[in-house]
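# Dropping a prediction and its sequence here:
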Amino acid sequence: MPDSAENEVVPKHNRAWLVTIVVVYILLVLGVDMLAAMRVQWPFPWVRLEWHLSTTFPSLRGTAWAAFDVYKFLFWLVIPFIACLWRMDWRYLLFSRWKKWDLILVGGLTVVGMAVMFIIPHVPALKAIYPSMGALSPEQKMAYVQRAMLWNVSWIFGWEFLHRYVLLRAVQRTEMTGPWGLPRWTQSQLYWLAVPLSETLYHLQKPWPEALGMGVFSVILTLWCLSRKKWLVACLVHLIIEVELVVFMTVLA
């Protein structure tokens, strides 16, 4: 029996050319951002391609809005979103189809995420990236929180949309039909691994505990998106964990 529109993971007309375009685009936009973040100088200083809101509007320098990353917002969210409009699955993106187990997953990963934060002070490489803000004044902490949250908003929705909507729907043509929502280990059901592979490779610029954690986190959320046909669950969990990190650095560390 043919798949119905409700059960279809990716439209049947998708072909290798579409997958190729999606993969090349993601490799390009993530690669450029990664090279800029790592301050790679060859064949030219990639940091020049960083694009924050204060680059376009110099008057915003010194304000929280200067942290807003226009490059990520544009190339990770706006352009892919516009490209997907013609066949967007709005039910996959919005609050529809939420059930008790979705809320349990969000709550469980929220607790695990906060617990993991307490590892940071004991790992020098992580502590160097996520230092304690406890010595700052309340005004300085508030300014940091504002900058951090605007930066998070500029990239996190694009990151999730790019990976768990655009890439996942391009590479995974069959839904999860195994018991408990887990995949049957056939070739046609392994392409979803492209998502955790991409997310883990990008995080290799970070200390290995963070890259490993990202890989585990990605596998859980990607499988959940496939089995439950929801994007917002993963997006919400990711956003909560980033907020927890800000809270930990400013209040608990």
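That came through, no problem.
# Which residue comes closest to Glu242 once chain neighbours are left out?
Using Cβ to Cβ, 6 or more residues apart in numbering and skipping the chain neighbours, the partner closest in space to Glu242 is Asn152 (4.9 Å). For glycine as for every other residue, the C-beta is placed from the backbone atoms N, C-alpha and C.
# meant to ask about Asp69
Nearest to Asp69 is Ser154, by Cβ to Cβ, 6+ apart, at 4.3 Å.
# for the one you found, phi and psi?
phi -70, psi -20 (degrees, to the nearest 10).
# Might you report the residue contacts of it?
Contacts for Ser154 (Cβ atoms under 8 Å, 6 or more residues apart in numbering) come out as 67-70, 72-73.
# By neighbour count, which of the residues you listed wins?
Within the contacts of Ser154, most neighbours by other Cβ atoms under 10 Å means Lys72, with 24 neighbours.
# hang on, the earlier thing: would you mind putting the contacts of Ser154 into JSON lines with pLDDT alongside?
Converted to JSON lines, these look like this (pLDDT from 0 to 100):
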{"residue": "Ala67", "pLDDT": "93"}
{"residue": "Phe68", "pLDDT": "95"}
{"residue": "Asp69", "pLDDT": "95"}
{"residue": "Val70", "pLDDT": "96"}
{"residue": "Lys72", "pLDDT": "97"}
{"residue": "Phe73", "pLDDT": "97"}
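# Show me which positions of stretch 73-86 end up buried.
73, 75-77, 80-81 (16 or more other Cβ atoms under 10 Å).
# Show me the residues you listed that map onto strands.
Secondary structure from DSSP state E places none of the buried residues of stretch 73-86 in strands.
# Which single one of these is nearest to Trp17?
Pro80 (16.9 Å; Cβ to Cβ).
# Enumerate every residue touching the nearest residue to the closest one once chain neighbours are set aside.
Leaving aside its chain neighbours, Pro80 sits nearest to Val166 (5.0 Å; criterion: Cβ to Cβ, 6+ apart). Val166 is in contact with 22, 26, 80, 84, counting by Cβ under 8 Å, 6+ apart.
# Test my guess that Ala148 contacts Phe68.
No. Using Cβ atoms under 8 Å, Ala148 is not in contact with Phe68, being 11.2 Å away.
# can I assume Thr200 sits in a helix?
Yes. Remark: Thr200 belongs to a helix, assigned using DSSP: H, G, I helix; E, B strand; the rest coil.
# Which pLDDT value goes with it?
pLDDT, Thr200: 96.
# Now do the contacts for the closest residue to it other than its chain neighbours.
Distances taken as Cβ to Cβ, 6+ apart place Gly215 nearest to Thr200, at 4.1 Å, with adjacent residues excluded. If you count contacts by Cβ under 8 Å, 6+ apart, Gly215 has them with 196, 199-200, 203.
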